[in-house]
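Undergrad: Compute the structure for the input listed below.
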Amino acid sequence: MSNGINRREFLKRSTAAGIASVLTLTVGNEIAKAESELSNKATIIDLTKCDGCVNLGTPACVTACSKKNSDKFPVVNEELLKPYWPQPKFEDHSKNKDITDRLTPYNWTFVDKVEVDGEIISIPRRCMHCDNATCLGMCPFGAIEKENSGAVCINDELCFGGAKCRDVCPWSIPQRQAGVGIYTKIAPEYIGGGVMYKCDFCSDLLKNGQKPACVTSCPKNAIIFGEKEELRKKVYELAKEMNGFVYGDKENGGTSTFYLSKIPFEKINDQLKKQNTSPEGPIMGRPLMEPEIENKLDTVTGMAISAAIAPIAGIITAGYVASKRLKGEKTDGK
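TA: Reported below is the predicted structural model:
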């Protein structure tokens with residue numbers, strides 16, 4: 001590491017600072033949770049309106065998302081593209097930045113298409129921004145946070161690319177890019193495999209009172225944005241009017257993304273399973289819509305894992321802040 005801070009010194013300072021951090025971790029999370037419940041935003045994605053922008057080469061929401069977030073996409077150091085212990089391979093999407101039909105570190109939303117009962121259904125897919133995000137609770141490095149707006153965000157300066165977030169996400173949303181991230185400076189041979197990337201709900205726009213790019217770009221007004229509790233009520237009213245169905249309110253303990261459909265989501269999921277599966281398993285980056293998903297943090301095993309990794313998260317987070325301050329850099333605008 002630069003400025004005279006070597007790996008041993010970094011870990012030493014991280015551990016010392018982490019002791020204090022761990023003591024306040026639980027309290028801080030509870031405060032953040034309470035604050036987020038006061039101002040959560042959400043979206044309704046109306047599958048009866050979305051047509052996947054059939055007249056465009058790429059759906060408008062996908063194009064808008066890419067344009068809005070291009071400065072956040074990973075810039076790869078190709079010299080660091082190598083297998084990391086104990087994995088025999090690495091994940092590199094840097095040669096396929098133009099892919100728009102699935103999730104990648106360079107494409108945070110896409111529109112899936114499926115035929116059910118003779119009808120083509122277009123389904124915009126991206127992070128669901130869960131109420132009690134499993135990825136946040138299971139991240140061993142404290143790299144994920146839930147903001148007051150309800151946005152669940154990955155801090156790319158803290159992420160070690162361990163992919164635990166993707167493993168525990170019911171929809172396998174986060175995608176990994178090798179050859180980038182803090183792990184390349186601290187322990188490139190042993191920890192992580194890059195950085196995980198996903199939709200952040202246009203968090204910076206929300207902070208300025210603006211709507212996410214996918215919302216403002218939709219030509220069919222198929223994505224509705226607003227206060228979460230208002231939209232929860234609205235989506236059920238709309239479903240009742242059309243004798244339809246809602247997805248996202250109960251799944252994984254609740255999310256900030258409500259899907260509205262005339263067709264049962266069980267049928268949609270069955271067809272997605274058929275078309276999005278290869279002999280090796282589900283196609284990476286094409287999440288399914290399993291009904292009645294249980295949040296792993298509500299299980300005894302999940303809670304035990306979350307409690308076990310909390311000290312690690314505190315130490316890593318504190319160490320990162322300490323390192324930044326020692327180098328005279330700002331953290332979170334402070």
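
Undergrad: CA atoms for contacts and neighbours, from now on please.
TA: OK.

Undergrad: So which bits of stretch 165-182 are buried?
TA: By neighbour count, with 16 or more other CA atoms under 10 Å as the criterion, the buried positions of stretch 165-182 are 165-166, 168-182.

Undergrad: Now it - C-alpha only, CSV.
TA: Below are the C-alpha coordinates for stretch 165-182, written out as CSV (Å, rounded to 0.1, in the frame of the first residue of the first chain):
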residue,chain,number,x,y,z
CYS,A,165,-24.1,-11.4,-1.7
ARG,A,166,-24.9,-13.2,-4.9
ASP,A,167,-25.0,-16.6,-3.2
VAL,A,168,-27.6,-15.5,-0.7
CYS,A,169,-29.7,-13.2,-3.1
PRO,A,170,-32.8,-15.1,-4.1
TRP,A,171,-32.5,-13.6,-7.6
SER,A,172,-28.6,-13.8,-7.9
ILE,A,173,-28.5,-10.1,-8.8
PRO,A,174,-24.9,-8.9,-7.9
GLN,A,175,-22.4,-9.6,-10.6
ARG,A,176,-18.6,-9.9,-10.1
GLN,A,177,-15.8,-8.3,-12.1
ALA,A,178,-12.2,-9.4,-11.5
GLY,A,179,-9.1,-7.2,-11.7
VAL,A,180,-10.5,-4.3,-9.7
GLY,A,181,-11.1,-3.3,-6.1
ILE,A,182,-9.3,-2.9,-2.7
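
Undergrad: what separates the residue most central in space within the chain from Tyr106, distance-wise?
TA: Most central in the chain under CA atoms, centre = their mean is Lys198, positioned 4.3 Å from the mean C-alpha point. Remark: distance between Lys198 and Tyr106 (CA to CA, to the nearest Å) = 9 Å.

Undergrad: same question, Val180
TA: Taking CA to CA, one finds Val180 at 13 Å from Tyr106.

Undergrad: Find residues that contact each of those two.
TA: With CA atoms under 8 Å, 6 or more residues apart in numbering applied, the overlap between the contact sets of Val180 and Tyr106 consists of Pro74.

Undergrad: about what we covered before: for the residue nearest to the centre of the chain, give me its contacts.
TA: The contact partners of Lys198, by CA under 8 Å, 6+ apart, come to Pro105, Trp108, Arg126, Cys127, Cys153, Ile154, Ile173, Pro174, Gln175.

Undergrad: now do 10 Å
TA: Contacts of Lys198 were listed using CA atoms under 10 Å, 6 or more residues apart in numbering, and they are 73, 103-109, 126-127, 152-154, 173-176.

Undergrad: part of a helix, is Tyr236?
TA: Yes: following the definition DSSP: H, G, I helix; E, B strand; the rest coil, Tyr236 is counted among the residues of a helix.

Undergrad: Double-check it against Gly248; I have them as touching.
TA: No: in terms of CA atoms under 10 Å, Tyr236 does not count as a neighbour of Gly248; the distance is 11.6 Å.

Undergrad: Phe110 and Cys202, how far apart?
TA: In this structure, Phe110 and Cys202 are 15 Å apart, going by CA to CA.

Undergrad: Also Lys68?
TA: As defined by CA to CA, Lys68 lies at a distance of 8 Å from Cys202.

Undergrad: In this structure Lys82 contacts Val76, no?
TA: No: using CA under 10 Å, Lys82 is not in contact with Val76; the gap is 11.9 Å.

Undergrad: Can you report how many residues lie near Pro86?
TA: Using other CA atoms under 10 Å, Pro86 has 10 neighbouring residues.

Undergrad: do the same with Thr216
TA: When neighbours are counted by other CA under 10 Å, Thr216 registers 16.

Undergrad: State the pLDDT value of it.
TA: For Thr216, the pLDDT comes out at 97.

Undergrad: That one is in what secondary structure piece?
TA: Under the criterion DSSP states H and E, the helix or strand holding Thr216 is helix 213-217.

Undergrad: where in this protein is pLDDT low?
TA: Where the chain drops to pLDDT under 70, the residues are 1-38, 85, 190-192, 277-285, 292, 294-334.

Undergrad: show me where it has helices.
TA: Listed in chain order, the helices of the chain (DSSP state H) span residues 7-39, 60-69, 134-138, 164-168, 183-186, 203-207, 213-217, 228-242, 265-275, 300-326.
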